[in-house]
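**Student:** quick one: sequence and predicted model below, then my questions.
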Amino acid sequence: MIFATLEHILTHLSFSIVSIVIAIHLMILSVHEIIGLRHSSEKGMLATFFSLTGLLVIRWISSRHFPLSNLYESLIFLSWSFSIIHMVSKLWNHKNDLSTITAPSAIFTQGFATSGLSSKMHQSAILVPALQSQWLMMHVSMMLLSYAALLCGSLLSVAFLVITFRKNIDIFFRSKNLLILIKSFFFGKIEYLNEKRSVVKSTSFLSFPNYYKYQLIQRLDYWSYRVISLGFTFLTIGILSGAVWANEAWGSYWNWDPKETWAFITWTIFAIYSHTRTNQSLHGMNSALVASIGFLIIWICYFGINLLGIGLHSYGSFT
C-alpha cells in the first residue's frame with residue numbers, strides 16, 4: 001500500500017514540476033529579460049529527474065523486476081530518458097539548446113502515460129515467460145534511451161529545416177526589395193529611395209538578426225548530429241542485445257517480427273543519416289530531411305506497432 005501511495009505522489013509531483021518548467025520556458029521565450037527564470041527551469045528539470053527516478057525505483061522494488069514490462073512503464077522510462085538527456089546536455093553546453101525539446105517531450109510522454117492509458121495498465125503484473133530474463137534491462141533500456149535521443153535529435157533537425165526555410169524566404173524578399181531600390185536609383189527616383197531607406201537596412205545580410213539566426217542554425221545542426229549519433233549507438237546496442245535475447249527465448253536471432261522489422265527500418269534510416277553527415281555535399285538540408293523522416297519512423301516503431309498488438313512483442317500493446 002505504501003509503495004502505491006509513493007508511486008501516486010511521485011507521478012503527480014513529477015508531472016506538476018515539468019508542467020511548471022514548460023510554463024517558465026514559455027515566459028522566457030516571451031520575455032527574455034526575466035532574471036532567475038532560466039535557473040528555476042533547470043532546477044525544475046532536476047527535480048523532475050529525481051522524481052521520475054524515485055518512481056522507477058519504487059516500482060522496481062514493489063514489482064521485484066525492472067519496470068519495463070508494459071506500455072505504461074516504458075512511457076515513464078521514456079519520460080525519464082528525456083530528463084536525463086536534458087541533464088547531460090546541460091553539462092555539455094551551458095546554453096542547453098535541448099531544453100525547449102526535452103521538457104515538452106517529457107511532459108507529453110508522462111502525461112499520456114498518466115492520463116491516456118487505462119488505470120489497469122498502470123498496475124504492475126507478473127512478467128510473461130519471454131520477459132523473465134536478465135536481457136530485459138539491457139535490451140529495453142537501450143531501445144528506449146535510443147528512442148529518446150533520436151526523437152530529440154530529429155526534432156532539432158525539424159527546427160533546423162523550419163528556420164532555414166524561413167531564412168531563405170526572408171532572403172528572397174529582401175533581395176527583391178533591393179532590386180527595386182536599385183531600379184529606382186537608376187531611374188532617378190531619389191525621393192523613393194529616401195522613403196525606402198529602412199528597407200535597405202533590412203536587406204543587409206550581415207545584420208545582427210541574420211547573424212544570430214545563422215548561429216542558431218549552426219547550433220541546431222551541431223546538436224542534432226551529436227544527439228542522433230548517441231541515439232544511433234544506443235539503437236545498435238539495443239538491436240544486437242535483442243537478437244541475443246531472441247535466440248535464447250525463441251531459438252532464432254531474427255524472426256522478422258513487426259517490431260523487429262520496424263526497428264531495422266529505423267536503424268537503416270539513421271544509418272543513411274550518418275552517411276549523409278560524412279559527405280560534405282549532403283550536409284544541412286539533406287541530412288535534416290532524413291532525420292525528419294526518422295522522427296515519424298520512430299513513432300511507428302515504438303507506438304504504432306503497439307496499437308496493432310500483433311507479433312512476438314504484443315506484451316507491450318494496449319491490450
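**Tutor:** Perfect, I can see it now.
**Student:** from here on, contacts and neighbour counts on C-alpha atoms
**Tutor:** OK.
**Student:** quick one, helices of this protein?
**Tutor:** Taking DSSP state H as the test, the helices found in the chain are 2-30, 37-63, 71-92, 99-111, 119-122, 135-186, 190-195, 197-202, 208-250, 258-278, 285-299, 305-308.
**Student:** can you tell which of these is closest to Pro129?
**Tutor:** Nearest to Pro129 among the helices of the chain is helix 208-250; the distance by C-alpha to C-alpha comes to 8.6 Å.
**Student:** now the helices of the chain as CSV including mean pLDDT?
**Tutor:** Shown next, in CSV, are the helices of the chain (pLDDT from 0 to 100):
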stretch, mean pLDDT
helix 2-30, 65
helix 37-63, 77
helix 71-92, 84
helix 99-111, 78
helix 119-122, 72
helix 135-186, 75
helix 190-195, 46
helix 197-202, 44
helix 208-250, 83
helix 258-278, 92
helix 285-299, 92
helix 305-308, 76
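**Student:** could I get those helices as a markdown table with mean neighbour count and distance to Val128?
**Tutor:** Below are the helices of the chain laid out as a markdown table (neighbours: other C-alpha atoms under 10 Å; distance: least, C-alpha to C-alpha, whole Å):
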| stretch | mean neighbour count | distance to Val128 |
| --- | --- | --- |
| helix 2-30 | 17 | 22 |
| helix 37-63 | 19 | 13 |
| helix 71-92 | 22 | 14 |
| helix 99-111 | 22 | 24 |
| helix 119-122 | 12 | 15 |
| helix 135-186 | 19 | 12 |
| helix 190-195 | 12 | 76 |
| helix 197-202 | 14 | 64 |
| helix 208-250 | 18 | 11 |
| helix 258-278 | 18 | 18 |
| helix 285-299 | 20 | 25 |
| helix 305-308 | 17 | 17 |
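**Student:** possible to save the ones you listed as CSV with distance to Pro129?
**Tutor:** What follows is those, written out as CSV (distance: least, C-alpha to C-alpha, whole Å):
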stretch, distance to Pro129
helix 2-30, 25
helix 37-63, 15
helix 71-92, 17
helix 99-111, 28
helix 119-122, 19
helix 135-186, 11
helix 190-195, 78
helix 197-202, 66
helix 208-250, 9
helix 258-278, 18
helix 285-299, 27
helix 305-308, 19
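**Student:** distance of the residue nearest to Ala149 when sequence neighbours are not counted relative to Asp221?
**Tutor:** In space, and not counting its chain neighbours, Ala149 is closest to Gly231: 4.7 Å by C-alpha to C-alpha, 6 or more residues apart in numbering. Relative to Asp221, Gly231 is positioned 15 Å away (C-alpha to C-alpha, to the nearest Å).
**Student:** would you mind splitting this protein into its domains for me?
**Tutor:** As assigned by automatic domain parsing, the chain contains the domains 1-120, 130-319.
**Student:** what does stretch 153-161 rub up against?
**Tutor:** Stretch 153-161 is contacted by residues 98, 101, 217, 220-221, 223-228, 285, 288-289, 291-292, 294-295 when judged by C-alpha atoms under 8 Å, 6 or more residues apart in numbering.
**Student:** at 7 Å instead, please
**Tutor:** 217, 220-221, 224-225, 227-228, 285, 288, 291-292, 294-295 (C-alpha atoms under 7 Å, 6 or more residues apart in numbering).
**Student:** what is the nearest of these to Asn70?
**Tutor:** Nearest to Asn70 among the contacts of stretch 153-161, with distances taken as C-alpha to C-alpha, is Phe295, at 22.5 Å.
**Student:** check contacts around the closest one.
**Tutor:** Residues near Phe295 by C-alpha under 7 Å, 6+ apart: 151, 154.
**Student:** how close does it get to Lys43?
**Tutor:** For Phe295 relative to Lys43 (C-alpha to C-alpha), the value is 29 Å.
**Student:** how about Thr100?
**Tutor:** 15 Å.
**Student:** now do Ser105
**Tutor:** 17 Å.
**Student:** same question for Ile58.
**Tutor:** In terms of C-alpha to C-alpha, Ile58 sits 22 Å off from Lys43.
**Student:** swap in Tyr147?
**Tutor:** Tyr147 is 25 Å from Lys43, by C-alpha to C-alpha.
**Student:** one more: Ile293?
**Tutor:** From Ile293 across to Lys43, the span is 33 Å (C-alpha to C-alpha).
**Student:** likewise Trp262?
**Tutor:** Relative to Lys43, Trp262 is positioned 37 Å away (C-alpha to C-alpha).
**Student:** and for Lys120?
**Tutor:** Lys120 is 33 Å from Lys43, by C-alpha to C-alpha.
**Student:** likewise for Ser281?
**Tutor:** Counting by C-alpha to C-alpha, the gap from Ser281 to Lys43 is 41 Å.
**Student:** likewise for Arg59?
**Tutor:** 24 Å.
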